[in-house]
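Student: Kindly generate the corresponding structure for this input.
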Amino acid sequence: MAPEIKYTKLFINNEWVDACSGYTFPAHTPHDGSVIAEVAEGDKADIDLAVAAAKAAFHRDSKWRLLDASARGRLLSKFADLVQRDAQYLGELDSYNTGKNIRMALGIVQKGVNGARYAASLADKIQGDTIPAGCTVVVKPAEQAPLTSLALVTLLKEAGIPAGVVNVVTGFGPGAGTALTHHPDVAKISFTGSLEVGKQIQQAAGKANLKRVTLELGGKSPLVIMNDADLNLAVTWAAHGVFGNQGQMCFAASRTFVQSGIYDTFVKKAVDFARNIKIGNPSDPDVDHGPQVDGDMMNRVLAYIEKGKQEGAKLMTGGNRIGTTGYYIEPTVFADVEDHMTIAKEEIFGPVQCIFKFETLKEAIDRANNTNYGLASGIFTKNINDALHFSKHVEAGNVWINTYLASTAQTPFGGFKDSGLGREKGMDCVEEYLEIKTVTISLPKTI
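Tutor: Numbering: from 1, shown residues only. Okay, the predicted model is just below:
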């Protein structure tokens, strides 16, 4: 049963409102392509209203700015409580709208709750520093010696005056969000999505008013399986790492490097795992694999699969659309993939596992790093030296050892190279939104 659609308008200045133009657009469920609802379509006039409301909240006399840090933390805790209260409904809505299986959707909602609680706990713990410093000041007339005095320097981390109005753009809906990039009163952009759109946002931000930019742009993440790995564990996590959310994950383990001693066995087990994944309506709690988010994404993934076959990768299972209703693709496994192939180099963003053979860890690291991306990585091994060597030398912002996908609100998340700028989550994320003010106070030498 489809969840009730309660709100379809724009949320501006704490109110649900129609778009200024009155325009709407249809939102579809990827399960069967049917229309979920007609949703208000924001435009420039709506953006101006939203930014003006956000900017007003930054005024020094606004109610929000006058709240002390502890009170802000309590509000964030209340928000987390409300999301927790409605977690089942929110998960069902996300599953219905994007095609995530309901278990994953509920898990993501819970991650949101955890993130809000973590942020709430930090609200009154953002602290500055003091620096003992001497000051030399040149005074007039010039023939007089410079005055030297002691000084107390304080660094204020201005949580009350953070980056400013922030434009947050999510990967599946960058259109209206990118328009905000050009707005003169937007001070920061946080974008999650494709490299191409991320570059456009960064360039636009540079031409505007030197906006801060945080980008999380996906990757072509390597997962290395050593000969001594727990094979069943490695096969399971490798599959979850690339088939989860139908491969529509920025940190998907889309390049699986398997050492030659276990290569054939791993491929066989990987194929068996893929063939036994339960596919169907994502609202069914027993289903593992739902549809791609829309028809365009489905066709893009199918084109990559054809490219893989044309370039000589060995299709072991899957590779086809399922039925003619909805946007379903079979979990797909390619073996004998080579580094020069398109499916080895470009982010597919679909349920396509690419398996490569390697001989030595040194070779695996070199090949893993031979990409312009650097978001996530992983290794399965019982050798602690190999694990530490890999974690030291792999060029990725996240390294998982004998697991994959593990992440909490406290752990920074982000990438190297073209996988992005800055970090999400953890204290590193908070720093992205603060201003540091240096206040220098002259002190007399004697009392």
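Student: surely Gly397 meets Phe413?
Tutor: Yes - counting by CB atoms under 8 Å, Gly397 does reach Phe413; the two are 7.2 Å apart. Bear in mind the C-beta positions are built from the backbone N, C-alpha and C, glycine included.
Student: quick one: least confident helix or strand in this protein?
Tutor: Least confident helix or strand of the chain, by mean pLDDT, DSSP states H and E, is helix 174-180 with a mean of 58.
Student: which residues are in contact with both of Gly397 and Phe413?
Tutor: The contact sets of Gly397 and Phe413 overlap at Arg423 (CB atoms under 8 Å, 6 or more residues apart in numbering).
Student: So Phe191 lies in a helix, does it not?
Tutor: No - secondary structure of Phe191 (DSSP: H, G, I helix; E, B strand; the rest coil): strand, not part of a helix.
Student: where does the chain have low pLDDT?
Tutor: The model of the chain has pLDDT under 70 over residues 134-150, 159-162, 171-179, 444-447.
Student: now the helices: where do they sit in it?
Tutor: In the chain, the helices defined using DSSP state H lie at 44-56, 63-66, 69-85, 87-98, 102-122, 174-180, 195-207, 231-243, 263-275, 295-310, 342-345, 361-368, 384-393, 426-431.
Student: helices or strands up against the third one?
Tutor: For helix 69-85, the packing partners by 3 or more CB pairs under 8 Å, 6 or more residues apart in numbering; DSSP states H and E come out as helix 102-122.
Student: Quick one: work out the angle between the helix it packs on and helix 87-98.
Tutor: With axes from the mean of the first three to the mean of the last three CA atoms, to 10 degrees applied, the angle from helix 102-122 to helix 87-98 works out at 120 degrees.
Student: Which residue, other than its chain neighbours, is closest to Gly415?
Tutor: Distances taken as CB to CB, 6 or more residues apart in numbering put Leu375 closest to Gly415, at 3.7 Å, once the chain neighbours are dropped.
Student: which residues touch that neighbour?
Tutor: 216-219, 221, 250-251, 396-398, 414-416, 419-420.
Student: So which of those residues belong to strands?
Tutor: Residues of the contacts of Leu375 located in strands (DSSP state E): Glu216, Asn398, Gly420.
Student: Most neighbours among these, please name it.
Tutor: Greatest neighbour count in the ones in strands among the contacts of Leu375, by other CB atoms under 10 Å, goes to Gly420: 27 neighbours.
Student: is that residue in a bridge, and if so with what?
Tutor: Beta-bridge partners for Gly420, by DSSP bridges, are Glu216.
Student: Can you name the residues that contact it?
Tutor: Neighbouring residues of Gly420 by CB under 8 Å, 6+ apart: Gly198, Thr214, Leu215, Glu216, Leu217, Leu375, Gly397, Gly414.
Student: Report the two of the residues you listed separated the most.
Tutor: For the contacts of Gly420, the farthest-apart pair by CB to CB is Gly198 and Gly397; their separation is 14.8 Å.
Student: In terms of packing, which of those two has more residues around it?
Tutor: Gly198 (25 against 20).
Student: residues touching the more buried one, list them.
Tutor: Gly198 sits next to Phe191, Leu215, Leu217, Gly420 when contact means CB under 8 Å, 6+ apart.
Student: closest to Tyr263 among those?
Tutor: Distances from Tyr263 to the contacts of Gly198, taken by CB to CB, are shortest for Leu217, at 31.0 Å.
Student: neighbours around that closest one, how many?
Tutor: 27.
Student: What of Leu302?
Tutor: 18.
Student: what does the one 10 residues further on give?
Tutor: One way to gauge burial is a neighbour count; for Gly312, by other CB under 10 Å, it gives 12.
Student: Then Ile441?
Tutor: By other CB under 10 Å, the residues close to Ile441 number 11.
Student: what bridges to it?
Tutor: According to DSSP bridges, beta-bridge pairing links Ile441 with Leu152.
Student: wait, Thr24 sits on Asp43?
Tutor: No - if you go by CB under 8 Å, Thr24 and Asp43 don't touch, sitting 11.7 Å apart.
Student: Could you measure from the nearest residue to Gly218 once chain neighbours are set aside over to Val197?
Tutor: Counting by CB to CB, 6+ apart, Gly218 lies nearest to Cys250, which is 4.1 Å off, once chain neighbours are set aside. According to CB to CB, to the nearest Å, Cys250 and Val197 sit 13 Å apart.
Student: Looking at the two, which is more packed in?
Tutor: Neighbours per residue, other CB under 10 Å: of Cys250 and Val197, the larger number sits with Cys250, 22 against 19.
Student: So what would you say the end-to-end distance of stretch 429-436 is?
Tutor: Criterion CA to CA, to the nearest Å; first-to-last residue distance in stretch 429-436 is 15 Å.
Student: before we move on, what about stretch 95-102?
Tutor: Stretch 95-102 has an end-to-end distance of 6 Å (criterion: CA to CA).
Student: For that stretch, buried residues please.
Tutor: Neighbour-count burial for stretch 95-102, with 16 or more other CB atoms under 10 Å as criterion, is recorded at Ser95, Tyr96, Asn97, Thr98, Gly99, Lys100, Asn101, Ile102.
Student: can you check stretch 72-89 too?
Tutor: Within stretch 72-89, judged by 16+ other CB under 10 Å, the buried ones are Arg72, Gly73, Leu76, Ser77, Phe79, Ala80, Val83, Gln84, Ala87.
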